[in-house]
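> I'd like to go over a predicted model; first the sequence, then the structure.
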Amino acid sequence: MIAAACASGMPLASAHDNSWYEKQCCEDDHCEPMADGAVRETSKGFEVPSGELLPYADGRVRQSNDMRYHWCHARDAPNRHRQTPFGAESTICLYVPPELF
């Protein structure tokens, strides 16, 4: 159902309304807001829960529409990675708070 909503461009309704997630980040995977401390900012970029490090200039790093991190990733990450133009990784997009973008 979520995949159908993403494919049709329909906003995703949930307890946290994040209908602003971009279609290319949602695909048939999912995006979710992260708890405080789940995404770590380093001198080289952002470390996500799967252990991946996304450099600041990575095209998957996007500006969040709120003051939270939101991680769009393969459903069963980090156990199975999806093939992306960047290699075998689980992260599709990472939305970061505006002051860090």
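Thanks, I have the structure now.
> going by C-alpha atoms from here, please, whenever you check contacts or count neighbours.
Will do.
> could you find the closest non-adjacent residue to residue 91?
Setting aside the residues directly before and after it, residue 91 is nearest to residue 73 in space (CA to CA, 6 or more residues apart in numbering), at 4.4 Å.
> dump the residue contacts of that neighbour.
Residues in contact with residue 73 (CA atoms under 8 Å, 6 or more residues apart in numbering) are 29-31, 90-93.
> ok, now which ones touch residue 68?
Residue 68 sits next to 33-34, 95-97 when contact means CA under 8 Å, 6+ apart.
> now do 7 Å
Residue 68 makes contact with 33, 96-97 under the criterion CA atoms under 7 Å, 6 or more residues apart in numbering.
> let me know the closest of those residues to residue 42.
Ranked by distance to residue 42 (CA to CA), the contacts of residue 68 are led by residue 96 at 13.2 Å.
> and that closest one, bridged to which residues?
Residues in a beta bridge with residue 96, per DSSP bridges, are residue 63.
> if anything else comes up later, I'll come back, but that's it for now.
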